[in-house]
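>>> Pasting a predicted model and its sequence here:
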Amino acid sequence: MGSYVIRVKVLPADVNDDLEKIVESVRAKLLKDMHIRGKKIEPIAFGLSAIILDIVAPEEEGSIEDVERLVSTAPMVGQIEMMGVSRMSSKLPPQ
């Protein structure tokens, strides 16, 4: 069984919120079989920045919706946008 890599754009609830604290609040909300693979800060305008997160989740029914629900309910998260989902194989093909 493989995993999904789910890319999510997270906007803070307030322009003055610490972006690292938002990432940690999202990390704390994720289930034990999910983790943040990568992050990027994307400036938008007037001091507002978005956080782009790549979250790894198991490839099973409902896991994409779970990630969306968990990220959107994390403290200090104002708005999220699901940017994309990719399938990641956990096994290498035989040689």
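Nice, thanks for sending it over.

>>> so what's P12 bridging to?
Note on P12: beta-bridge partners by DSSP bridges are V77.

>>> how close does it get to Q79?
Distance, P12 to Q79, using Cβ to Cβ, to the nearest Å: 9 Å. Where you see a C-beta, it was placed from the backbone N, CA and C, and this is true even at glycine.

>>> Quick check: which ranges of the chain have low pLDDT?
Where the chain drops to pLDDT under 70, the residues are 1, 89-95.

>>> Show me where it has its strands.
Using DSSP state E, the strands of the chain run over 3-12, 35-45, 48-58, 77-88.

>>> For K21, find the nearest of those strands.
strand 3-12 (9.3 Å; Cβ to Cβ).

>>> the more surrounded of P12 and Q79?
Remark: of P12 and Q79, P12 carries more neighbours, 19 against 11, as counted by other Cβ atoms under 10 Å.

>>> so that one makes contact with L19?
Yes. If you go by Cβ atoms under 8 Å, P12 and L19 touch, sitting 6.8 Å apart.
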